[in-house]
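Chemist: Here is a sequence together with a model predicted from it:
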Amino acid sequence: MPSFEAVPVEGGFDNPPLASQSVFRAIMDAMAKPGSIRPCAPLARPPATLSATAAAVALTLCDHDTPLWLDPALEAAADVRGWLGFHCGSPLVRVPAEAYFALVANPAELIALENFSQGTQEYPDRSTTLILQVESLSEGRALLLEGPGIETSASLAPAPLPRHFCEQWRQNNARFPRGVDLILAAPEGIACLPRTTRIRATEG
């Protein structure tokens, strides 16, 4: 397991209880209504490799009991590893399937979703939740969303996304009730794609 190097301890939530409540509410609302974008104020000031929104989500969800996997971009950043260790305390794991949460700074280079914990038939909640740090929720290729929490259909255009994302997501749907959930952390806010959401790319 990696060790935490000496790091800056500044940049966490100024008021952890209130900030965590605010971010948690945004995540839950976004998870309940896939495709919706919930604003997230820049409540955290992490090292540069990690965005303020992704950091706020991590500070809200991760703690000593939640093993955390970092993608290579974040794993290579000693200041990020130390900052997360100080503020979250999550044990870092190198095996994706052992992680409760995965924090991803470069979604375009992400390993296949099937590498993360998919949960079990008895305990589907033991799957990995991936926090993808994206540049935008509206400037990528439009995705048409259908499923629970969506009245008819919804649209979202996050960028960047993992390679072959729509096909990977179809496979994720097929594993239900197992499968991973995604939290998309962008400068404009938070959007979520729970495993129950069906996705297809629009033309163009």
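Modeler: Noted; the coordinates are in hand.
Chemist: give the contact list for Asp65.
Modeler: With contact set as Cβ atoms under 8 Å, 6 or more residues apart in numbering, Asp65 has no partners. Bear in mind the C-beta positions are built from the backbone N, C-alpha and C, glycine included.
Chemist: that's a helix at it, yeah?
Modeler: No. With DSSP: H, G, I helix; E, B strand; the rest coil as the criterion, Asp65 is assigned coil and is not in a helix.
Chemist: which residues touch the residue most central in space within the chain?
Modeler: Geometric centre of the chain, nearest residue: Ile131, 1.1 Å, by Cα atoms, centre = their mean. Ile131 is in contact with Ala54, Val57, Ala58, Leu61, Phe101, Ala102, Leu103, Val104, Ile183, Ala185, counting by Cβ under 8 Å, 6+ apart.
Chemist: Next, it: secondary structure please.
Modeler: Per three-state DSSP, Ile131 ends up strand.
Chemist: List the beta-bridge partners for it.
Modeler: Leu103, Ile183 (DSSP bridges).
Chemist: of all the contacts of Ile131, which two lie farthest apart?
Modeler: With Cβ to Cβ as the measure, no two of those lie farther apart than Leu61 and Val104, at 14.0 Å.
Chemist: Among those two, which residue is more densely surrounded?
Modeler: Val104 (24 against 21; other Cβ atoms under 10 Å).
Chemist: Can I get stretch 85-95 as CSV, trimmed to CA atoms?
Modeler: Below are the C-alpha coordinates for stretch 85-95, written out as CSV (Å, rounded to 0.1, in the frame of the first residue of the first chain):
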residue,chain,number,x,y,z
GLY,A,85,-4.7,11.1,3.0
PHE,A,86,-4.8,14.1,5.4
HIS,A,87,-8.3,15.2,4.6
CYS,A,88,-10.1,11.8,3.9
GLY,A,89,-7.9,9.2,5.5
SER,A,90,-8.9,6.6,3.0
PRO,A,91,-6.5,3.7,2.5
LEU,A,92,-5.2,3.8,-1.1
VAL,A,93,-5.4,0.5,-2.9
ARG,A,94,-3.6,-0.6,-6.1
VAL,A,95,-6.2,-3.2,-7.1
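Chemist: Identify each buried residue in it, please.
Modeler: If you call a residue buried by 16 or more other Cβ atoms under 10 Å, then stretch 85-95 has these buried ones: Gly85, Phe86, His87, Cys88, Ser90, Pro91, Leu92, Val93.
Chemist: Repeat that for stretch 100-108.
Modeler: For stretch 100-108, using 16+ other Cβ under 10 Å, the buried residues are Tyr100, Phe101, Ala102, Leu103, Val104, Ala105, Pro107.
Chemist: Grab the nearest non-local neighbour of Ala30.
Modeler: Leaving out its chain neighbours, the residue that sits closest to Ala30 by Cβ to Cβ, 6 or more residues apart in numbering is Cys192, at 4.1 Å.
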